[in-house]
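**Q** Got a predicted structure plus its sequence, pasted below:
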Amino acid sequence: MVGATKAVFTLEARPPSGDGRFDSGTQFRRNGHNYVGPIAIAQARKELEDVESTASLMRWRAVLPPVVILCASLTAGLSAFVLVTTALLGWLGRRSRDTLVRGFSFVRHILPPTMGAQVVLVAVGFVAVLLFESSALLAGEALSSGGAKVLGLVVVMVGLSLWGAASAVLQLRRTMGLFTPDPLDILGRPISPEEAPGLWHIVDDLAKRLGALKPDNVVIGLDAGFFVSSGPKLLQPGGGSLGGRTLYLPLPYLALLRQDEVSAIIGHELAHFAGGDTEYSLRFLPIYAGVGRSLEAVALAGLGADGRISPLMRPSLRLGAFAMDRFHLAVRHWSRLREFAADAAGAQVVSNAAAASALVRSSAAAPRIDAALGEAFGRPDAAPPDLVAAIVRDSFEHGLDDPSPHLEEAQPHPTDTHPPTRQRIEALGQKAEPGLLAAAAAPPPRDALSRLGAYFAAPEAICRAATADYLRVARDDASAHRQALEAAVAEVSHEPVVLRENTRPGAIFLFVFGGILIAIALTLLVLGVPGTTATEVRWIAGSALILGLVFAGAGVPYLLRGRKPFLTLRPDDISIVGLDRPIAWEHVLHVEMTLGRGGVVARLLLRRDAALPARLPRARRVKVDAGHYSVTLTAVPPRDLKAVGFAELIGRYRQAYEARRLLASVPPKGGSPWGVDETDETRKISPYFGGGPQG
């Protein structure tokens, strides 16, 4: 900069020629060229301006590395603070449940703002790196077309980074107060002491013997396992709400288990009240809700179009996941201890042998109950009016399942994890020996239903009412699914929908660009170019004219291409120009839509038992892959449809076909057209007791 300033000062201070003649001594060399006279002074001044701009740019550029270092240091510091704090609180929490709740209540409040700060710091650091690297392009003499593209890409990346960080912070801010867990949905009905005098007597007696709080409500139903809860509950069907301490009892188990086994289970559940387990759950459930929603907010803000999380969001997500994992390990520690203690309390009111028998008997009965309820839920109009009696009859005829495969299972739980069944049996001083397992799998006695008479004043009416509730929920579910399917069918037209590519904007661009080149060529021929020969002008103009004609000529077929259909959608099939036959929707397994250079790329994966269509000659935009059994089409989205809308349109036709297929499979008497998958985790019944929410 000093040299440029000195050169300008020297040239400007040079005295003018006395006789007014051209001063050839005023010279300045720039970019490999020598300039003489007044032009030399102008070039020197321009050189000084460039040097000053570059110096200013370098001063700003020098600020960026410290910004990156600062952001990285603060991010690392926040991460270390959260990692050490949560690890320490997790270790302390395994020594005291109160310490666990207090410690992670603190984490619940600091984690969202820490995650938000980390997202912002990572984004700012990333933007600083981009600006530092791209500023070198601005320091050059001239910006090439490649450099301009790079700068454009940098601008887009900076905008996306800042937008993602802002979205994450706003999402986290909205979730800061959302620490209240949702009410627990229970498919069941409360039972009064008048309706179940024997059951309430057993519950009162066990609560008194264990020194436990008596439940405020006893709810009976068909699905789920035994559990207790002190949180808010929402009963289905009907939507009634319950508060206070609630004990849930499944009717099929009450019929299939002996009374001493039932007493062991109820004693186990009441022990959770005695140990304050449900109140403890009410204290830590909001922590799970708050941290979980914070993680979800960051994940949603960083979710890209390809379904992947942005790298800028991953550090915060991993930090939150680590905190949740430390918390979960501590909770699981106490959950396992409390389950063993509850097992011991349940055995105390009967015997260790009865408590162990209840564990394996529940495991043996669960698959039989699950299968019967699943079938009834899938076809409620064909279900018997008393599912409990049907389950007992089926169990008597076919026996129960072998509980051996379930001995090592640990039941999933929304806030904790129970120990494996084998460990629980061994903690009772029992062994899972063949005799115990065989007795658990044995069919129930013929009078198993009469066991319910010891609990309820009118057991048959209770069972029928619970069955009616269950089937009502099943019918409501089937009705909601049917409405959704009918809506999907109604979204597509019964008439063929012909799609044409929107090539008009591309054709106009080619025409305009070609016209500009032709105009430049004609201008050069008429006016010429100073400093060039006529031959050089003709060569330049000729080249521009040829390129202009090529571009303009390419626009004609491109425009005509948009007037011809390239795709026809029908409810039953899809026709693609370039294939010898339509593709039936029933043969399409999956549709993938991605963006390519030539437009949207649609890939249809076909069933192996379907006839693969053949590609016609001169069909350039469609490919048939016999190896992967797929058809790939590249096309410009139709007019008034962007890429996402085009993908959604094809997806709607695929979904509409599936919806019509499911609707057509509805049984004559009604019911669910899709049935119930017995492996569905949402419908699994506990393979052992004590597995319900909050205990």
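**A** That came through, no problem.
**Q** all helices in the stretch 101-250 of the chain, in order from the N-terminus.
**A** With DSSP state H, counting those that start in this stretch as the criterion, the stretch 101-250 of the chain has helices at 145-175, 197-210.
**Q** Lowest average pLDDT across those?
**A** Confidence, taken as mean pLDDT, is least for helix 145-175 of the helices of the stretch 101-250 of the chain (a mean of 63).
**Q** how about the nearest residue to residue 626, chain neighbours excluded?
**A** Closest residue to residue 626 apart from its sequence neighbours, by CB to CB, 6 or more residues apart in numbering: residue 612 at 6.1 Å. For every residue, glycine as well, the C-beta is placed using N, CA and C.
**Q** and if you look at residue 129?
**A** Spatial nearest neighbour of residue 129, excluding adjacent residues (CB to CB, 6+ apart): residue 68 at 5.8 Å.
**Q** I'd assumed that neighbour was in a helix, is it?
**A** Yes - using DSSP: H, G, I helix; E, B strand; the rest coil, the secondary structure at residue 68 is a helix.
**Q** okay, now it: neighbour count?
**A** 17 (other CB atoms under 10 Å).
**Q** Isn't residue 333 up against residue 96?
**A** No - contact between residue 333 and residue 96 fails when scored by CB atoms under 8 Å: they sit 11.2 Å apart.
**Q** For the chain, spot the helix or strand the model is least confident about on average.
**A** Lowest on mean pLDDT, DSSP states H and E among the helices and strands of the chain sits helix 2-13, with a mean of 54.
**Q** Next one, pLDDT for the residue nearest to residue 626 please.
**A** In this model, residue 612 is scored at 88, pLDDT.
**Q** I figured it hits residue 627, correct?
**A** No - counting by CB under 8 Å, residue 612 does not reach residue 627; the two are 10.6 Å apart.
**Q** Tell me who's in contact with residue 514.
**A** Shown in contact with residue 514 (CB atoms under 8 Å, 6 or more residues apart in numbering): 547, 548, 549, 550, 551, 552, 553, 554, 555.
**Q** same deal with residue 506?
**A** With CB under 8 Å, 6+ apart, residue 506 has these contacts: 555, 558, 636.
**Q** Next: residue 239.
**A** Contacts of residue 239 (CB under 8 Å, 6+ apart): none.
**Q** same check, this time on the one 10 residues further on
**A** Taking CB under 8 Å, 6+ apart as the definition of contact, the neighbours of residue 249 are 199, 218, 219, 220, 221, 226, 266.
**Q** Who does the fourth one form a beta bridge with?
**A** Looking back up the chat, that one is residue 220. Here residue 220 shows beta-bridge partners residue 189, residue 249, assigned using DSSP bridges.
**Q** What's the local residue count around it?
**A** Neighbours of residue 220 under the rule other CB under 10 Å: 24.
**Q** again with the fifth one
**A** Look at residue 221: counted by other CB under 10 Å, it has 20 neighbours.
**Q** Now do stretch 452-467: distance to the chain's middle.
**A** Relative to its chain's centre, stretch 452-467 lies at 43 Å (CA atoms, centre = their mean, to the nearest Å).
**Q** In this structure residue 442 contacts residue 399, no?
**A** Yes - counting by CB under 8 Å, residue 442 touches residue 399, with 6.7 Å between them.
**Q** what about the residue nearest to residue 626, distance to residue 356?
**A** Between residue 612 and residue 356 the computed distance is 59 Å (CB to CB, to the nearest Å).
**Q** When those two are compared, which one has more neighbours?
**A** Of the pair residue 612 and residue 356, residue 356 is the one with more neighbours under other CB under 10 Å, namely 26 against 18.
**Q** ok, and the closest non-adjacent residue to that one?
**A** In space, residue 356 is closest to residue 430, 3.9 Å off (CB to CB, 6+ apart).
**Q** Provide the secondary structure category for that neighbour.
**A** Classified using three-state DSSP, residue 430 is coil.
**Q** separation between residue 186 and residue 599?
**A** From residue 186 to residue 599 the distance is 52 Å (CB to CB).
**Q** returning to that earlier point: kindly indicate which of the contacts of residue 506 lies nearest residue 109.
**A** Nearest to residue 109 out of those is residue 636 (CB to CB; 51.5 Å).
**Q** what's near enough to touch that closest one?
**A** Each residue near residue 636 by CB under 8 Å, 6+ apart is listed here: 501, 502, 503, 506, 562, 598, 599, 600.
**Q** which among those residues end up buried?
**A** 501, 502, 503, 506, 562, 599, 600 (16 or more other CB atoms under 10 Å).
**Q** who's in contact with the closest residue to the last one other than its chain neighbours?
**A** Once flanking residues are discounted, residue 600 sits nearest to residue 643: 5.0 Å by CB to CB, 6+ apart. Each residue near residue 643 by CB under 8 Å, 6+ apart is listed here: 593, 595, 599, 600, 637.
**Q** JSON lines for these, including secondary structure?
**A** Shown next, in JSON lines, are the contacts of residue 643 (three-state DSSP):
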{"residue": "593", "secondary structure": "strand"}
{"residue": "595", "secondary structure": "strand"}
{"residue": "599", "secondary structure": "strand"}
{"residue": "600", "secondary structure": "strand"}
{"residue": "637", "secondary structure": "coil"}
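**Q** how about low-confidence regions in the stretch 351-500 of the chain?
**A** 409-418 (pLDDT under 70).
**Q** What segments of it are helices?
**A** Going by DSSP H, counting those that start in this stretch, the stretch 351-500 of the chain shows helices at 352-378, 387-398, 421-427, 434-441, 459-490.
**Q** Just say which of these is most tucked in.
**A** helix 352-378 (a mean of 24; mean count of other CB atoms under 10 Å).
**Q** If you count contacts, what does that one end up packed against?
**A** With contacts taken as 3 or more CB pairs under 8 Å, 6 or more residues apart in numbering; DSSP states H and E, helix 352-378 sits against helix 251-256, helix 259-274, helix 314-349, helix 387-398, helix 421-427, helix 434-441, helix 459-490.
**Q** Buried residues, the second one. List them.
**A** Going back to what we said before, that points to helix 259-274. Within helix 259-274, the residues scored as buried using 16+ other CB under 10 Å are 260-274.
**Q** May I see the helices of the stretch 351-500 of the chain arranged in CSV, with distance to residue 526 as well?
**A** Shown next, in CSV, are these (distance: least, CB to CB, whole Å):
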stretch, distance to residue 526
helix 352-378, 82
helix 387-398, 94
helix 421-427, 95
helix 434-441, 101
helix 459-490, 64
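**Q** which one of the ones you listed lies closest to residue 653?
**A** Ranking those by distance to residue 653, with CB to CB as the measure, places helix 459-490 first at 10.0 Å.
**Q** Show me the domain layout of the protein.
**A** 184-274+351-484, 504-561, 564-664 (automatic domain parsing).
**Q** From one end of the longest one to the other, what's the distance?
**A** Length of domain 184-274+351-484, first residue to last, CA to CA, to the nearest Å: 25 Å.
**Q** Residue numbering should commence at 54 henceforth.
**A** Fine by me, first position is 54 from now on; the one you just mentioned is domain 237-327+404-537.
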